[in-house]
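Chemist: Show me how the following folds:
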Amino acid sequence: MNKNFYKLIQYLFVTICFLVIFKTIKEEKEIHNIMFNIDIYKFFPAVIVSIFLVLVYSQMIFKLSRNTTNLKISKKNWIYIFLNSQFLDTIPFAGFIYKAVNLKKYNLEYKYFIFVYAFVFYSWIIIYLFLFFIDTVIISLYFGLVKYFYISILFLISSVMVFFFIKLINNLSHRLSSSLYLLSKARELIIFTNKNLVKKNILIFLKSGTIIHISEFCLYYLVISFLQLDLSFKVIFTIFFVNSLIDFFPITPKNIGISELISGLLLSLIGFNFTTGVLIRIFIRLSSIFATIILFLFNNIFLSEKNE
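Modeler: All right, here's what the predicted structure looks like:
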């Protein structure tokens, strides 16, 4: 009941967001000027960056899975399974289930599959809070907005606190009764995370996270250039930072509707029209969709899973 109610709230939220977006766009004429002047071939570099992002993320999960579990799989087979799962992710949980079922053939038990993704989620929070700290330092110092420097300190403190949180929980978990099934599984997950939060894995996260973060900024820059929008570096960086922060806390699946609405409102607040912000976000999403389709087709035409 609660789960269905939550889904209903999500659908209502998405519907309201799109109604607001369509109503606002209908009242603006800027969209026609932008859409009639674009060169669709200039959208291709943005799709290439989106493809690169998927492959970097795939490589990161592959390395972490090999480092933390008994997974025995070739890189080629991993890529085949991962790219198919990315395509299936258009259906909630379909890609996740597909990966879990197929990776079990390569010695990755369901329990440890879930543990790996929980570990990735937790570590991703630490790394991205640290990267948001870097972003806010840039905003406060490079853009001369000194008041945002205090926000950067908050991100840094949060990153450190999240890191030590799992250490604290690990110590407390020893006092939990292992006779209770859920508590014992939670304790296993905590121990797994604590054991694998080592320098080698942290460096993988830091390296991959930095590459992904910079590539995502490049994606925003390319989409804005494709739309022939005359925005300064300061504005582009602000759009990128706010959208990255919003995407870090998804309210609806892939934040559909939410991202477009907030992107439009952000551009309105800094002196541009609402439609411009919405279009930027829509084409960011389209680049990801096209990248997923291209990789899926390439995967199933030119690659195949080989027995090991």
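Chemist: Going by C-alpha atoms from here, please, whenever you check contacts or count neighbours.
Modeler: Fine.
Chemist: Assess the claim that F119 and T193 are in contact.
Modeler: Yes: here F119 lies in contact with T193, judged by Cα atoms under 8 Å, at a distance of 5.5 Å.
Chemist: buried sites along stretch 254-270?
Modeler: By neighbour count with 16 or more other Cα atoms under 10 Å, stretch 254-270 contains the buried residues 255-267.
Chemist: could you dump the residues you listed to JSON lines with pLDDT and distance to I139?
Modeler: What follows is the buried residues of stretch 254-270, written out as JSON lines (pLDDT from 0 to 100; distance: Cα to Cα, whole Å):
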{"residue": "N255", "pLDDT": "78", "distance to I139": "24"}
{"residue": "I256", "pLDDT": "80", "distance to I139": "27"}
{"residue": "G257", "pLDDT": "80", "distance to I139": "26"}
{"residue": "I258", "pLDDT": "81", "distance to I139": "24"}
{"residue": "S259", "pLDDT": "84", "distance to I139": "21"}
{"residue": "E260", "pLDDT": "83", "distance to I139": "22"}
{"residue": "L261", "pLDDT": "83", "distance to I139": "23"}
{"residue": "I262", "pLDDT": "84", "distance to I139": "19"}
{"residue": "S263", "pLDDT": "86", "distance to I139": "18"}
{"residue": "G264", "pLDDT": "85", "distance to I139": "20"}
{"residue": "L265", "pLDDT": "85", "distance to I139": "19"}
{"residue": "L266", "pLDDT": "85", "distance to I139": "16"}
{"residue": "L267", "pLDDT": "86", "distance to I139": "17"}
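Chemist: residue ranges with poor pLDDT in the chain?
Modeler: 1-36, 142-186, 304-308 (pLDDT under 70).
Chemist: All the helices of the chain, residue numbers only.
Modeler: 2-26, 30-37, 44-68, 75-88, 94-103, 110-142, 149-173, 181-196, 199-226, 233-247, 258-269, 274-302 (DSSP state H).
Chemist: From the contact counts, what lies against the last one?
Modeler: So the one you mean is helix 274-302. Where contact means 3 or more Cα pairs under 8 Å, 6 or more residues apart in numbering; DSSP states H and E, helix 274-302 is packed against helix 2-26, helix 30-37, helix 44-68, helix 75-88, helix 199-226, helix 258-269.
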